[in-house]
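A.B. asks: all I have is the shape, not the residue letters:
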């Protein structure tokens, strides 16, 4: 987020308890300060509902959950009855496609391309 200053960019971080170390909520609160950007909203999901829902959307193997994933949605994408499919995504999972393994530079280019393709802001009224 720090590298892309576009005001249209929004981020949503969902913290889920998946590692066996415990102290999940405290860890989420502590680590959330690393993403100090007003365009980012952060949530804590103790039942890992979001990770379970997105595993199907992303086509992950049965039993895998969609955590440690980075999803890019087209402008105007809405979440109705079921989670929307991202326009692009990357991950840090062992069970997901290797060609989508997180590459920060590539993800940044995808996001910048989508932002450039969106409609410009209307001119301010004078």
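C.D. replies: Looks like it came in fine. This one's a predicted model, so the numbers in the text were calculated from it and none came from an experiment.

A.B. asks: going forward, measure contacts between C-alpha atoms and count neighbours the same way
C.D. replies: Fine.

A.B. asks: helices along the protein, start to end?
C.D. replies: Ranges of helices within the chain are 24-32, 49-57, 104-117, based on DSSP state H.

A.B. asks: buried deepest among the ones you listed, which one?
C.D. replies: Each of those was scored by mean neighbour count; the highest is helix 49-57, a mean of 17, by mean count of other C-alpha atoms under 10 Å.

A.B. asks: ok, back up a step: what's the closest of the helices of the chain to residue 87?
C.D. replies: helix 104-117 (9.4 Å; C-alpha to C-alpha).

A.B. asks: what packs against that closest one?
C.D. replies: On a contact count with 3 or more C-alpha pairs under 8 Å, 6 or more residues apart in numbering; DSSP states H and E, helix 104-117 meets no helix or strand.

A.B. asks: give me the mean pLDDT for it.
C.D. replies: The predicted model gives helix 104-117 an average pLDDT of 94.

A.B. asks: circling back to that earlier point, could I get the helices of the chain as JSON lines with distance to residue 86?
C.D. replies: Shown next, in JSON lines, are those (distance: least, C-alpha to C-alpha, whole Å):
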{"stretch": "helix 24-32", "distance to residue 86": "23"}
{"stretch": "helix 49-57", "distance to residue 86": "8"}
{"stretch": "helix 104-117", "distance to residue 86": "12"}
